[in-house]
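Q: Predicted model and sequence below, questions to follow.
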Amino acid sequence: SLLGDHEPGKIKKLGRALAIFFLLGLALTFTPCVLPMLPILSGVVLRGRPGGMRGLALSLAYVLPMAACFALLGALMGLFGAQLNLQARLQSAWVLVPFAAFFVVFALAMFGLFELKLPQFISSRLDRVAGQTKGGSLLGAAVLGMVSSLLVSPCVSAPLAASLLYISASGDAWGGGLQLFALGLGMGTPLVVFGAGGGALLPKSGAWMNGVRNAFGVLLLAVAVWLLERVVSGPVALMLWGMLAGGAGLALGALEFTPKSAARRLLQLLGLMFLTYAVAAWIGALQGESDPIHPLGRSVPSIHAGPPSTPGEWQNLTTPAQLDAALAEARQAGKPVLLDWYADWCISCKVIERQVLTDPTVQARLPAYRLLRFDITESNPAQRGLLDRYNLFGPPAILFFAPGGDEWSDLRVIGEIDAAGLAERLRRAATRQ
């Protein structure tokens, strides 16, 4: 759990996630089917009398239960994901391809091709509850807030589904609850502003909200590509990222030559940037590259290697026998070991591979170690048995072993870590040798 580990890197990661979910919730408010509801909701909750401490209290009484319902949903999904080990289960093409197709459908709904709604027998009952609830009281506002979290609008349901998939795969109940609580707070912030008397600060409804909705559609397509990254080759995934960027660039008018306003020209410039990235991604994919952050590649040593021939190279292992033999060989040579747990379907593993292990401060300390990478992509029973042996939930993880073969368990890395955090662990390990 992110809350159970007080490492600065984990706390910073949680803080970033909460900020992102809050901003997503805030952005969801400014969509065509949410912002126009604010005056209606304020008329029921506030009885047409916004402003002052009463308006602030009623608005908070409405928003906080709504956010709490989201938090409960996020915590349950995180717990559900942890119990079923969804991070490992979400590796099969039979699971990932349908999920990706669902998010493509969600994206099309955000683009306005059709509308997602709750079944009529559910929505009608919730509508009756909302209609019978009297506004103007804290209890009434709280009930309306909880009902609103269930009567989520079509503009919110698709991004909410993407958030729940992300949280369920993370297996973090506390973090999932906090992240969806932040999402609910973001969605409720404009209502609190309105209730406190700042209605004039809220923007007016208009065509610009379609742009916000379309942006969420693009993000949902990005989720679909993110899922497919686990089952397709790296160059194919990079090609898909290029297609997404190219489509976004064309939608922003990158190739339009008719006169436009200054705002439209700025959007066109952004579209040209997306289109440039798309071309770079396609070129990189044709050259066999796979990193969407560096589509044309960069000059770093390969960290997918066979048996090491020089210090600083990684040895890939896929069976318990290979791992035992490599650890025994390092123990006989009196060399410390760095054991990296990796899987192709593990997105965090790829982040560590591309951004952490290639950092110069980390690279400078790696030659002192025998570098072993256990590839658990297949996730067969023998490989999962190793996870039990080392008390691991799954990748990513990095274990440190002393020259004598014993693990330095206080240095082990579970989950993502930044370059500074790993470099600090490597420094602490060096003082023990």
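A: Thanks, I have the structure now. Residues are numbered from 1 along each chain as shown.

Q: Specify the local secondary structure of the closest residue to residue 346 other than its chain neighbours.
A: Spatial nearest neighbour of residue 346, excluding adjacent residues (Cβ to Cβ, 6 or more residues apart in numbering): residue 395 at 4.5 Å. No exception for glycine: its C-beta is placed from N, CA and C like everyone else's. Put simply, residue 395 is coil when judged by DSSP: H, G, I helix; E, B strand; the rest coil.

Q: For residue 395, give me its contacts.
A: 341-343, 346, 348-349, 376 (Cβ atoms under 8 Å, 6 or more residues apart in numbering).

Q: what does residue 24 give?
A: 159, 163, 183, 186.

Q: Out of the residues you listed, which sit inside helices?
A: Counted as lying in helices by DSSP state H, out of those, are 159, 163, 183, 186.

Q: what's downstream of whichever strand or helix holds residue 350, the next helix or strand?
A: Using DSSP states H and E, residue 350 maps to helix 347-351. Using DSSP H and E, the helix or strand that directly follows helix 347-351 along the chain is helix 360-363.

Q: Which strands and helices lie in contact with that following helix?
A: helix 419-430 (3 or more Cβ pairs under 8 Å, 6 or more residues apart in numbering; DSSP states H and E).

Q: Now do the buried residues in the helix it packs on.
A: Within helix 419-430, the residues scored as buried using 16 or more other Cβ atoms under 10 Å are 419, 421-426, 429.

Q: As CSV, those residues with pLDDT and distance to residue 57 would be great.
A: Supplementary listing: the buried residues of helix 419-430 in CSV, determined by pLDDT from 0 to 100; distance: Cβ to Cβ, whole Å:
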residue, pLDDT, distance to residue 57
419, 88, 46
421, 88, 43
422, 91, 47
423, 90, 49
424, 90, 46
425, 91, 48
426, 92, 52
429, 89, 54
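
Q: for the residues you listed, which one is nearest residue 196?
A: residue 421 (40.8 Å; Cβ to Cβ).

Q: that older thread, and the residue nearest to residue 346, what's its pLDDT?
A: The model reports residue 395 with a pLDDT of 83.

Q: For it, grab phi and psi.
A: phi -70, psi 160 (degrees, to the nearest 10).

Q: now the stretch 201-350 of the chain, which segments are flagged as low pLDDT?
A: 201-206, 259-260, 298-312 (pLDDT under 70).

Q: now the strands: where do they sit in it?
A: With DSSP state E, counting those that start in this stretch, the ranges of strands along the stretch 201-350 of the chain come out as 314-317, 337-342.

Q: how far away is residue 315 from residue 374?
A: Taking Cβ to Cβ, to the nearest Å as the measure, residue 315 and residue 374 are separated by 10 Å.

Q: out of the two, which sits in the more crowded spot?
A: Between residue 315 and residue 374, counting by other Cβ atoms under 10 Å, residue 374 is the more crowded of the two (25 against 19).

Q: in the protein, what residue sits furthest out from the centroid?
A: Here the centre of the chain is the reference, and by Cα atoms, centre = their mean the most remote residue is residue 332, at 42.2 Å.

Q: nearest spatial neighbour of residue 288, skipping sequence neighbours?
A: residue 235 (5.6 Å).

Q: What count of nearby residues applies to that neighbour?
A: The burial count for residue 235: 17, using other Cβ under 10 Å.

Q: mind checking how far it is from residue 248?
A: 21 Å.

Q: The residue nearest the centre of the chain: what secondary structure?
A: For the chain, the residue nearest the mean C-alpha position is residue 166 (5.6 Å; Cα atoms, centre = their mean). Classification of residue 166 by three-state DSSP places it in helix.

Q: ok, now which ones touch it?
A: Counting by Cβ under 8 Å, 6+ apart, residue 166 has contacts residue 223.

Q: again, but for residue 274
A: Contacts for residue 274 (Cβ under 8 Å, 6+ apart) come out as 245-246, 248-249, 252, 254.

Q: Out of those residues, which comes closest to residue 69?
A: Looking across the contacts of residue 274 and measuring by Cβ to Cβ, the closest to residue 69 is residue 248, at 32.7 Å.

Q: Please name the nearest non-neighbouring residue to that closest one.
A: residue 274 (4.8 Å).

Q: again, but for residue 272
A: Leaving out its chain neighbours, the residue that sits closest to residue 272 by Cβ to Cβ, 6+ apart is residue 254, at 4.8 Å.

Q: Next up, the contacts around the one you found.
A: Neighbouring residues of residue 254 by Cβ under 8 Å, 6+ apart: 268, 271-272, 274-275.

Q: Save the ones in helices among the contacts of residue 24 as CSV, and put in neighbour count, pLDDT and distance to residue 415 too.
A: What follows is the ones in helices among the contacts of residue 24, written out as CSV (neighbours: other Cβ atoms under 10 Å; pLDDT from 0 to 100; distance: Cβ to Cβ, whole Å):
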residue, neighbour count, pLDDT, distance to residue 415
159, 23, 71, 24
163, 22, 74, 19
183, 28, 86, 21
186, 23, 86, 25
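
Q: Count the neighbours of residue 269 for me.
A: Applying other Cβ under 10 Å, we find 12 residues neighbouring residue 269.

Q: likewise residue 352?
A: Residues near residue 352, counting by other Cβ under 10 Å: 26.

Q: I'd guessed it sits against residue 418; true?
A: No - the pair residue 352 / residue 418 is not scored as a contact, 9.3 Å apart, by Cβ atoms under 8 Å.

Q: Tell me which other helices or strands the top helix by length along the chain touches.
A: Ordering each helix of the chain by length in residues (DSSP H) puts helix 52-84 first. For helix 52-84, the elements it packs on are helix 38-45, helix 138-150, helix 154-170, helix 173-195, judged by 3+ Cβ pairs under 8 Å, 6+ apart.
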